[in-house]
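K.L.:
would you be able to build a 3D model of this:
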Amino acid sequence: MTRATRRTVLKAAGASLLVTTTAGCFGGNGDDDDDDGGAEETDDGYEIEPGTTILFEGRTSGWVGLEPEAIAEEQNPTLILQEGEEYEIGWPEGDGSRHNIEIWDEDGDVVEDYETDLTDDPGDDQILAITATEEMAAYRCRPHGSMEGEIRVE
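P.N.:
Presented below is the predicted three-dimensional model:
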């Protein structure tokens, strides 16, 4: 191998090493670091994956998202659910006021008895297991009108 050929090979190897190292530094390893936790934000709301648990903090000013991560800190986010699929929805913590969670239709009626009792100590009793149906239009705290978010079922 001539001296000029060795320089060309070394330059090519160096460039290849630089590209490989740089790609590794910028997350080029194929791992998905953007874990949305079961939801994806869209222009119309948050598409929630079937089987996901949707949790809020109950505040008289509104429902504040806790989980999945995509809705964290969002107030009264619009939830886009898939018809016929199962979800859990509720509030494991709150502001000390009495709240409940209900799933309403467009007329403000509770859908399929999806409601909890009023309490200021939510715990696990405030988590509903639901199956998404077309009649679902909102999740709501009965005494606090500011605590209402839209549900869309597709």
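K.L.:
okay, and the beta partners of R59?
P.N.:
Taking DSSP bridges as the rule, R59 bridges to G62.
K.L.:
my guess is it meets M147, correct?
P.N.:
Yes: R59 is within contact range of M147, at 7.5 Å (criterion: C-beta atoms under 8 Å). (Glycine included, C-beta is placed from N, CA and C.)
K.L.:
how far away is E154 from E74?
P.N.:
As defined by C-beta to C-beta, to the nearest Å, E154 lies at a distance of 19 Å from E74.
K.L.:
those two: which has the busier surroundings?
P.N.:
Counted by other C-beta atoms under 10 Å, E154 and E74 do not tie: E74 has more neighbours, with 18 against 10.
K.L.:
model confidence for the more buried one, exactly?
P.N.:
pLDDT, E74: 98.
K.L.:
how about the one 10 residues further on?
P.N.:
According to the prediction, G84 has pLDDT 98.
K.L.:
please shift the residue numbers so they start at 4 in all later answers.
P.N.:
With the count now opening at 4, the last piece we talked about shows up as G87.
K.L.:
please report phi then psi for it.
P.N.:
In terms of degrees, to the nearest 10, the main-chain angles of G87 are phi 80, psi 0.
K.L.:
can you get me a residue count around it?
P.N.:
11.
K.L.:
separation between it and E77?
P.N.:
For G87, the distance to E77 - C-beta to C-beta - is 25 Å.
K.L.:
again with Y117
P.N.:
Taking C-beta to C-beta, one finds Y117 at 21 Å from E77.
K.L.:
may I ask which helix or strand encompasses M139?
P.N.:
Taking DSSP states H and E as the definition, one finds M139 inside no helix or strand.
K.L.:
so what's it closest to, chain neighbours aside?
P.N.:
Once flanking residues are discounted, M139 sits nearest to I154: 4.6 Å by C-beta to C-beta, 6 or more residues apart in numbering.
K.L.:
you'd agree the one you found is up against L84?
P.N.:
Yes: shown here, I154 and L84 form a contact pair, counting by C-beta under 8 Å, at 6.3 Å.
K.L.:
touching both of those two, which residues are there?
P.N.:
By the contact definition C-beta atoms under 8 Å, 6 or more residues apart in numbering, I154 and L84 are jointly contacted by 135, 139.
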